[in-house]
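>>> could you look at this predicted model? Sequence included:
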Amino acid sequence: MSRLKTTIVTIDTVENLNIVKFNFNDTILTMMSLDLSSEIKVGVKVYISFKPTHVSIAKNFNGIVSYSNQIKTTIKDIDDGTLLSSIKLEVDNTIIESIITSESSKKMDLKIGDNVTALIKASEISIQGIIE
């Protein structure tokens, strides 16, 4: 599970659907949620998290996709297994893990030091806790 330290910058609500935006080192990340604790308010610092299997990787990306969260990262480590590859990505001294198929890793010719974009759907992010 990847975990990022963020600050809530906006919360938009319609009926019981919430779109929450976070500031992570000047990158805005978005979460879609049905329920929010009353403690979750603009300005509150929180940890957000997401599973490595929910992090896609784009190399030489320059297009428009529906992923709300696009984080520019650098590959720090690659562990190619028989079926799956664990790719460690670094952004602002924070590690994000992506698990993709080994076939995709090889097809993309991923290498340590490559600049890539981590893509995460808003529905895959959750708040793990408030930072005291």
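Here it is on my side, so go on.
>>> is it correct that Leu84 is in contact with Ser104?
No: with contacts counted by C-beta atoms under 8 Å, Leu84 stays clear of Ser104, the gap being 9.5 Å. Yep, even glycine has a C-beta here, placed from its N, CA and C like the rest.
>>> can you map out the strands along this protein?
Here the chain has its strands, by DSSP state E, at 2-14, 17-24, 27-33, 45-50, 56-59, 69-80, 84-91, 94-101, 115-120, 126-130.
>>> now for the ones you listed, which one comes closest to Asp109?
strand 56-59 (7.9 Å; C-beta to C-beta).
>>> what residues sit buried inside the closest one?
56-57 (16 or more other C-beta atoms under 10 Å).
>>> what pairs with it, parallel or antiparallel?
Strand 56-59 has the following strand partners under DSSP bridges: strand 115-120 (antiparallel).
>>> ok, back up a step: mind putting the strands of the chain in JSON lines, mean pLDDT and distance to Glu39 included?
Converted to JSON lines, those look like this (pLDDT from 0 to 100; distance: least, C-beta to C-beta, whole Å):
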{"stretch": "strand 2-14", "mean pLDDT": "96", "distance to Glu39": "10"}
{"stretch": "strand 17-24", "mean pLDDT": "97", "distance to Glu39": "13"}
{"stretch": "strand 27-33", "mean pLDDT": "96", "distance to Glu39": "13"}
{"stretch": "strand 45-50", "mean pLDDT": "97", "distance to Glu39": "9"}
{"stretch": "strand 56-59", "mean pLDDT": "96", "distance to Glu39": "31"}
{"stretch": "strand 69-80", "mean pLDDT": "96", "distance to Glu39": "23"}
{"stretch": "strand 84-91", "mean pLDDT": "97", "distance to Glu39": "27"}
{"stretch": "strand 94-101", "mean pLDDT": "97", "distance to Glu39": "24"}
{"stretch": "strand 115-120", "mean pLDDT": "97", "distance to Glu39": "24"}
{"stretch": "strand 126-130", "mean pLDDT": "94", "distance to Glu39": "6"}
